[in-house]
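>>> Sequence isn't available, so here's the structure alone:
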Ligand code: MRU
């Protein structure tokens, strides 16, 4: 995707270097800046502070972090120690563990001196595959949007409600739910996106609006609580959200607030689709509500808010009284029964064990 006419991806590596560069998402939309990750500690810090965020991008960043760890210490002990350290950076998005498992598998049986080169090759491959996968997801999902457009007699734009940020900045390129939007828009289907602000970190207000604006997609920012009202009044044709972990039975864990949108969608007969790559499926889990670890983040994400001051500086101000007790679960789980379908790179499946197995038969 382009920023001020320049083509960017969210993470990249100069082949002659062993460091990687990322877009610093903590500064957007006020400032576009990049950050060089020099070593594994930088990669872990970037994931924890959400300089990089979004399930697919966390996975690719973790893969490069692992390569940098083996560059600096390719010992047998570090093959597991680096895995554990990176995997602990954020607990909910399974893409991190997925990427690290592939990385470890590739290097484990190699001689220590050969591990770093193999790790970089694998991380570069995961990065390239992410772009390809998201392109395929976008194509699958755009068909749904087109169907709605046709069903409405091509009379008006398709109104899409989305939550959090699932765009190119959350992946390497394209995005998941937002990738579908880009593809539909680029294919000439008129769309309009309702963007949830996504408290507390406001990924919708800060990142999704910035992305959609840069790409010329019509959109309107709404507070998180407005979605149900809009659905009651027929102003939402389809909900498209991403996921951080989907269980083998189709329960979908995503940014906090997604579950409430799914409830409102069900009550108002609005189709609710979860858009994800196969790497987001945790085949070892069945019951998302009971089994998925929900990340609890720092209280100042709730008590404070960041924005740009009159002089252009980015400032953080307090909203709540000092010392207010805070709960900050970062994700919730939408049970499969509330999900109309799962949009993947291999097609659209019912949110069920059978639906997922039909798309990924190799998973048994
Ligand atoms: O806490 P975040 O910003 O990393 O959460 C991101 C989300 O919840 C996204 O919806 C999800 O990762 C899908 S991204 C393509």
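That came in fine, so what should we check first? Remember, predicted model here, so these are calculated numbers, not experimental data. Numbers count the residues shown, from 1 in each chain.
>>> Tell me how far the residue of the stretch 151-300 of the chain found nearest the ligand lies from residue 252.
For the stretch 151-300 of the chain, the residue closest to the ligand is residue 242, as judged by Cβ to the nearest ligand atom, at 2.6 Å. From N, CA and C alone the C-beta is placed, and that goes for glycine too. In this structure, residue 242 and residue 252 are 9 Å apart, going by Cβ to Cβ, to the nearest Å.
>>> Next to the ligand, which bits of this protein? Give me the list.
Counting by Cβ under 6 Å from any ligand atom, the chain comes close to the ligand at 53-56, 93, 164, 166, 170-171, 175-176, 203, 242-244, 254-255, 330.
>>> ok so, going back, could you pull out the residues contacting both of residue 242 and residue 252?
Taking Cβ atoms under 8 Å, 6 or more residues apart in numbering as the criterion, residue 242 and residue 252 both touch 274, 276.
>>> What is the end-to-end distance of stretch 254-274?
9 Å (Cα to Cα, to the nearest Å).
>>> chain center to that stretch: distance?
Going by Cα atoms, centre = their mean, to the nearest Å, the spacing between the C-alpha centre of stretch 254-274 and its chain's C-alpha centre is 17 Å.
>>> Report the buried residues of it.
Within stretch 254-274, the residues that qualify as buried by neighbour count (16 or more other Cβ atoms under 10 Å) are 254-262, 264-266, 268, 270-274.
>>> Which residues outside stretch 16-33 are in contact with it?
By Cβ under 8 Å, 6+ apart, the surrounding residues in contact with stretch 16-33 are 3-4, 8, 10-13, 34-38, 43, 46, 49-53, 61, 64, 67-68, 71, 116, 120, 169, 206-207, 209-210, 307-308, 312, 314.
>>> go with 7 Å
Contact with stretch 16-33 is made by 3, 8, 10-13, 34-38, 46, 49-53, 61, 64, 68, 71, 120, 169, 206-207, 209-210, 308, 314, as judged by Cβ atoms under 7 Å, 6 or more residues apart in numbering.
>>> That stretch: which residues count as buried?
Going by 16+ other Cβ under 10 Å, stretch 16-33 has these buried residues: 18, 20, 21, 22, 23, 24, 25, 26, 27, 28, 29, 30.
>>> cool, and stretch 173-183?
When neighbours are counted by 16+ other Cβ under 10 Å, the buried residues of stretch 173-183 are found to be 173, 174, 175, 176, 177, 178, 179, 180, 181, 182, 183.
>>> Tell me who's in contact with the fourth one.
Applying Cβ under 7 Å, 6+ apart to residue 176 gives the contacts 134, 137, 166, 242, 275, 276, 277.
>>> try 8 Å
So, once contact is read as Cβ under 8 Å, 6+ apart, residue 176 ends up touching 56, 134, 137, 166, 170, 242, 243, 275, 276, 277.
>>> What does the pLDDT read for the last one?
In other words, residue 277. At residue 277 the predicted local confidence, pLDDT, stands at 98.
>>> So the closest residue to it other than its chain neighbours, which state does it fall into?
Of all residues beyond its chain neighbours, the one nearest residue 277 is residue 133 (4.7 Å), with distances taken as Cβ to Cβ, 6 or more residues apart in numbering. The assignment at residue 133 comes out as helix when based on DSSP: H, G, I helix; E, B strand; the rest coil.
>>> I'm done for today, thanks for sticking with me.
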